[in-house]
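1. Pasting a predicted model and its sequence here:
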Amino acid sequence: MTMGSAEGRPHEATAADVFAVDPEIGRDLARVDWGATPLGPPAGWPQSLQTAVSILLSSRFSMWMAWGPELTFFCNSAYRRDTLGRKYPWALGRPASEVWAEIWGDIGPRIATVLTTGQATWDEALLLFLERSGYPEETYHTFSYSPLRDDDGALIGMLCVVSEDTDRVIGERRMATLRDLGSFGAEDKTLLSMLCGAMAQALHRAYAFDQQREVAVTLQRSILGTVVLPPGFAARYQPASRPLEVGGDWYDAVELPDGRIGIMVGDCVGRGLPAATIMGQLRSAGRALLLRATGPAEVLTALDQFTALLPGATYTTALCAILDPDGNLVYSGAGHPPAVLALPDGQTVLLTEGRGPSLGVRLPAPRTQATAVVAPRAVLLLYTDGLIERRRHPLDEGIRRVADIAQDGYELPVDQLADRIMHEMTGSGGGSDDVALLLYRHPAPLDMSFAAEPGELAPARAVLRAWLARTGAGMPMVRSVLVAAGEACANAIEHGHRDTRGQVRLIGRVVGELVHITVTDTGRWRPEAADPDPYRGHGLNLMRALMNQVKLNTDVNGTTVEMSTRITQ
């Protein structure tokens, strides 16, 4: 069976039409490799996203927006001119948390609030230290974050309307200072001169302190920021709030040669540049050991020996785990808080076995490891103690609280869940210790591309069948999804690439209790036949009968079919 042609339908605005609203920004948006982002090729963008981008680009007021699971960044010409600086055009299509990494501790929680409550935020003349010119600068902004919804009305992103108040705030401050100076007498001016000398020394010390802290933060972010996480993972790092120094927390997730994934979080003793330096060495050693070791206990045992050679590294805590594609987890801890499993049945499980002393401490017995199963659609959370530790509150209370948040946000995409946990556990101002957090939802998303040839359908179907089995779906649902996805892939080959070679992309992901399937081609469909075959052209109806929701987007760039259904046994 095949789908009918898209020809003859009423014209709807395509992403290319939307980009044309502002030729300059639109040109740069068109150059972004959207297929490498969660949004996919513009041909498949929903009408709600096209409308939001059109409003953004057509406005003369300074605006930016974030959309989708990674909060992909868009902006208009006014925002580029007034705020973005040297980050343009690099910022387009990147996660907003990367674009504004230096202020994410301030704006990330506000965005998370919008995405979880649907309520807009408002800030007036908020102090933000932007690095838009290659160095931190004091800026003040008045802005509002408003929720954006997808075609089904679900919260999917946010729109920011902003005006910069830096010149006004600093100008008013200078005028106030000049007025105060004009009323001083001779004795006042002498006292002021003495105070200025003392302040100059204090400022010099503060500058040196800040400089060391910025070096430590830059070192830590540069090490953690280079991590390319495997599919299904999200990570966050937040340094301690000023004036406290950055610590030595880290996270890592690396694909191993045998198809498993090595996972580690750790927390070095101390703060400042020394702790950040030790962290970098331990993280590099841990990754190298994960790539060669047979199990987490062996990794931590080798790190025990490494810390003995590294001054200041003793008493570092760490949690190491290895996860296979079927969700089987082997883990071992060294004085570290337990990982949390949020299960689809509403339960939370703490992984408290396989624990031993901190790294570098004399061991009473060899390190051990334990096993657990990350059930289909479950969420695994690893973190450092800065997330749960609060003065005058027991650690168990913090662990229970973060477990409850992970369970309450179970149906959120992992990136949004990570933001929510950070916001609710640390607040907008950060805590007294730095925090590293690593999240994983099982199974990891499926993302495969194959040649648009009929002979490739069977291998693609086998890969999809194995992935669906990991979602915990029953065989009736698996068969329905296989037939619907197979129909979409066959149509992509027959219609989209009948005359040219090309690729078909198949994406599968789980969000809460729903499985989402996306099939994309980049070919051109044939015109609808004047005398259609009555035995053909029923593919779309078949997909709609088998899936809960089906969307078809077709334009000159290709066709995208998006389908979703609830996971059943």
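-> Perfect, I can see it now.
2. The stretch 51-200 of the chain: strands as residue ranges?
-> 63-67, 72-75, 123-130, 137-149, 155-164 (DSSP state E, counting those that start in this stretch).
3. now for those strands, which one comes closest to residue 27?
-> strand 72-75 (14.0 Å; C-beta to C-beta). C-beta here means a position set from N, CA and C on the backbone, and glycine is covered the same way.
4. give me every residue that touches the nearest residue to residue 413 once chain neighbours are set aside.
-> Nearest residue to residue 413 in three dimensions, chain neighbours excluded: residue 69, at 3.9 Å (C-beta to C-beta, 6 or more residues apart in numbering). Residue 69 is in contact with 38, 413-416, counting by C-beta atoms under 8 Å, 6 or more residues apart in numbering.
5. nearest to residue 124, of the residues you listed?
-> For the contacts of residue 69, the minimum distance to residue 124 (C-beta to C-beta) is 26.5 Å, reached by residue 416.
6. quick one: the helix or strand residue 421 falls within to strand 155-164, angle?
-> Element membership for residue 421, per DSSP states H and E: helix 414-426. Interaxial angle of helix 414-426 relative to strand 155-164 (axes from the mean of the first three to the mean of the last three C-alpha atoms, to 10 degrees): 60 degrees.
7. And for helix 414-426, what's in contact with it?
-> Applying C-beta under 8 Å, 6+ apart, the external contacts of helix 414-426 come out as 69-71, 95, 108-109, 111-113, 115-116, 232-236, 238, 379, 381, 386-388, 398, 401-402, 405-406, 409-410, 412, 435, 437, 439-441.
8. quick revisit: most surrounded residue in the contacts of residue 69?
-> Neighbours here mean other C-beta atoms under 10 Å. Within these, the largest count is held by residue 414, at 25 neighbours.
9. any weak-confidence spans in the stretch 1-150 of the chain?
-> The stretch 1-150 of the chain contains residues with pLDDT under 70 at 1-17.
10. Next: the chain.
-> For the chain, the ranges with pLDDT under 70 are 1-17, 178-189, 191-193, 202-227, 241-247, 272-273, 427-432, 496-499, 524-537.
11. Can you show me the helices along the stretch 251-400 of the chain?
-> Assigned by DSSP state H, counting those that start in this stretch, the stretch 251-400 of the chain shows helices spanning 272-292, 296-308, 395-408.
12. Against residue 234, how distant is residue 419?
-> 9 Å (C-beta to C-beta, to the nearest Å).
13. Please say which of these two ends up with more neighbours.
-> Set residue 419 next to residue 234 and count neighbours by other C-beta under 10 Å: residue 419 wins out with 25 against 22.
14. for the stretch 451-569 of the chain, what spans make up the strands?
-> Under DSSP E, counting those that start in this stretch, the stretch 451-569 of the chain gives strands at 503-511, 514-521, 549-555, 558-566.
15. tilt between the helix holding residue 421 and strand 503-511?
-> Calculated by the same axes, to 10 degrees, helix 414-426 forms an angle of 30 degrees with strand 503-511.
16. any idea of the angle the next helix or strand after helix 414-426 forms with helix 414-426?
-> Later in the chain than helix 414-426, the nearest helix or strand by DSSP H and E is strand 435-441. Orientation check (the same axes, to 10 degrees): strand 435-441 against helix 414-426 gives 140 degrees.
17. Now do strand 435-441: everything it contacts.
-> 224, 232-238, 249-251, 253, 263, 265-267, 323, 374, 377-384, 386-387, 414, 417-418, 421-422, 425-426, 510.
18. Same check on stretch 479-497?
-> Against stretch 479-497 from outside (C-beta under 8 Å, 6+ apart): 1-3, 5, 452-454, 456-457, 460-461, 464-465, 468, 473, 502, 504, 506, 515, 517, 519-526, 539, 542-543, 546-547, 550, 558-559, 561, 563, 565.
19. Show me which of those are buried.
-> Buried subset of the contacts of stretch 479-497 (neighbour count, 16 or more other C-beta atoms under 10 Å): 2-3, 5, 452, 456-457, 460-461, 464, 468, 473, 502, 504, 506, 515, 517, 519-525, 539, 542-543, 546-547, 550, 558-559, 561, 563, 565.
20. is it true that residue 270 touches residue 312?
-> Yes - the pair formed by residue 270 and residue 312 meets the contact definition of C-beta atoms under 8 Å, at 6.3 Å.
21. Spit out the contact partners of residue 112.
-> Per C-beta under 8 Å, 6+ apart, neighbours of residue 112: 416, 419-420, 422-423.
22. With residue 161 instead?
-> Neighbouring residues of residue 161 by C-beta under 8 Å, 6+ apart: 61-63, 143-144, 146.
23. The same query, at a cut-off of 6 Å, please.
-> Residues near residue 161 by C-beta atoms under 6 Å, 6 or more residues apart in numbering: 63, 144.
24. Quick check: it vs residue 39, distance?
-> In terms of C-beta to C-beta, residue 161 sits 22 Å off from residue 39.
25. and if you look at residue 152?
-> Computed as C-beta to C-beta, the residue 152 to residue 39 distance reads 16 Å.
26. that older thread, residue 354: which of the contacts of residue 112 is nearest?
-> Nearest to residue 354 out of these is residue 422 (C-beta to C-beta; 26.6 Å).
27. Check the burial of that closest one by counting its neighbours.
-> Residue 422 is flanked by 25 other residues according to other C-beta under 10 Å.
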